[in-house]
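Peer 1: sequence-free structure coming up:
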């Protein structure tokens with residue numbers, strides 16, 4: 001939230017309290033890059049992704065509820081085996097470090113390869129609110145979900161992707177173990 005305050009020149013106290021509660025339930029909601037000279041005190045960039053039931057994600061993207069209305073009990077932990085659906089709700093970097101977002105996303109994919117085959121992601125949803133967000137969803141070839149909102153997107157990991165990064169991720173999963181039904185190409 002300190003990084004949000006620097007980048008956006010504002011901070012929302014209600015969001016800070018909600019995020020604190022979510023993080024207490026699941027401390028693995030975000031991955032960040034820090035200034036190595038600051039002993040992890042100065043964050044340069046982060047990506048946050050919330051594991052939620054797909055119905056909760058769709059209600060947020062469709063505008064039926066605000067993201068800050070997500071209840072602590074709706075936030076999932078990574079304790080159970082099986083499929084997860086993520087809401088990529090935030091990706092922020094200091095303007096002088098835009099390349100860090102890509103590096104963080106690659107590290108997030110590595111973390112999911114490490115969890116596989118016990119735990120895996122089937123879909124990632126996102127909503128863009130900036131030009132840099134638009135570029136990021138284009139970079140990962142996320143499909144527009146105009147049925148939800150004009151700025152809603154989805155990445156279905158069971159589908160072939162034009163993104164080299166996503167294809168490489170899918171290949172690494174397959175090298176590690178056979179794909180479960182939810183990750184097999186559906187046509």
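Peer 2: Structure's in. What do you need? This is a predicted model, so every value here is computed, not measured.
Peer 1: going forward, measure contacts between C-alpha atoms and count neighbours the same way
Peer 2: Fine.
Peer 1: Residues in a beta bridge with residue 48, which ones?
Peer 2: Taking DSSP bridges, one obtains residue 30, residue 90 as the residues bridged to residue 48.
Peer 1: Repeat that for residue 86.
Peer 2: residue 51, residue 124.
Peer 1: can you pull the contacts of it?
Peer 2: By C-alpha atoms under 8 Å, 6 or more residues apart in numbering, the contact set of residue 86 is 49, 50, 51, 52, 54, 57, 121, 123, 124, 125.
Peer 1: repeat for residue 166
Peer 2: Taking C-alpha under 8 Å, 6+ apart as the test, what residue 166 contacts is 140, 157.
Peer 1: Give me the secondary structure label for it.
Peer 2: Here residue 166 is helix, with the state taken from DSSP: H, G, I helix; E, B strand; the rest coil.
Peer 1: Let me know the pLDDT of it.
Peer 2: For residue 166, the pLDDT comes out at 87.
Peer 1: quick one on the thing from earlier: between all of the contacts of residue 86, which two are at the greatest distance?
Peer 2: For these, the farthest-apart pair by C-alpha to C-alpha is 57 and 121; their separation is 14.1 Å.
Peer 1: can you pull the pLDDT of the residue lying farthest from the centre of the chain?
Peer 2: Farthest-out residue of the chain from its mean C-alpha position, per C-alpha atoms, centre = their mean: residue 37, at 26.9 Å. For residue 37, the model assigns a pLDDT of 82.
Peer 1: One more: residue 83?
Peer 2: Reading off the model, residue 83 has pLDDT 97.
Peer 1: With adjacent residues omitted, what lies nearest to it?
Peer 2: residue 120 (5.1 Å; C-alpha to C-alpha, 6 or more residues apart in numbering).
Peer 1: quick one: what helix or strand has the one you found in it?
Peer 2: strand 119-127 (DSSP states H and E).
Peer 1: now residue 101
Peer 2: Counting by DSSP H and E, residue 101 is found in helix 99-115.
Peer 1: And that helix, what's buried?
Peer 2: Neighbour counts over helix 99-115 (16 or more other C-alpha atoms under 10 Å) mark 100, 101, 104, 105, 108, 109, 112, 113 as buried.
Peer 1: can you count the residues close to residue 147?
Peer 2: The local packing of residue 147 (other C-alpha atoms under 10 Å) involves 9 other residues.
Peer 1: Make sure it is indeed in a helix.
Peer 2: No: with three-state DSSP as the criterion, residue 147 is coil rather than part of a helix.
Peer 1: so what does the strand holding residue 120 touch, helix or strand wise?
Peer 2: Counting contacts by 3 or more C-alpha pairs under 8 Å, 6 or more residues apart in numbering; DSSP states H and E, strand 119-127 is packed against helix 54-61, strand 82-93, helix 99-115, strand 152-156.
Peer 1: Tabulate the ones you listed (a markdown table), appending distance to residue 23.
Peer 2: Compiled in a markdown table, the helices and strands packed on strand 119-127 are given as follows (distance: least, C-alpha to C-alpha, whole Å):
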| stretch | distance to residue 23 |
| --- | --- |
| helix 54-61 | 18 |
| strand 82-93 | 14 |
| helix 99-115 | 17 |
| strand 152-156 | 24 |
